[in-house]
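Asks: Using only what follows, build the 3D model:
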Amino acid sequence: MKTLLLLFLLFSDCKHPVLPTDSTYVYICDSPGGKKYHLSQNCKGLHNCSHKIVKLTLEQAKKRGKTLCRYEK
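Replies: Okay, here's the model as predicted:
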């Protein structure tokens, strides 16, 4: 059962059935104009990132003024 859940989360791209908490890790494009955070490293909202993709907690992303990617709403 855990394996199925893990596979589902890996292949679901940007859709996560679990609500994130402040300690959840998210991904941001570390560019001057980046305004969004992403729950998945494979989210299509990150495909155009030409800067470094950074992994940080949801709390840290919110402190930087980032909001949830429109593909993940």
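Asks: Look up the closest residue to Thr67, ignoring the ones flanking it.
Replies: Nearest in space to Thr67, with sequence neighbours left out and distances taken as CB to CB, 6 or more residues apart in numbering, is Lys36 at 6.0 Å. Where you see a C-beta, it was placed from the backbone N, CA and C, and this is true even at glycine.
Asks: Could you check how far the one you found is from Leu56?
Replies: 13 Å (CB to CB, to the nearest Å).
Asks: And Lys44, by the same measure?
Replies: For Lys44 relative to Leu56 (CB to CB), the value is 20 Å.
Asks: Who has more neighbours out of those two?
Replies: Leu56 (16 against 13; other CB atoms under 10 Å).
Asks: Go ahead and report the secondary structure state at the more buried one.
Replies: The local conformation at Leu56, judged by DSSP: H, G, I helix; E, B strand; the rest coil, is strand.
Asks: Which stretches in the protein count as helices?
Replies: 2-11, 58-63 (DSSP state H).
Asks: Quick one: distance of the last one to the chain centre.
Replies: Right, the one you point to is helix 58-63. Chain-centre distance of helix 58-63: 11 Å, with CA atoms, centre = their mean, to the nearest Å.
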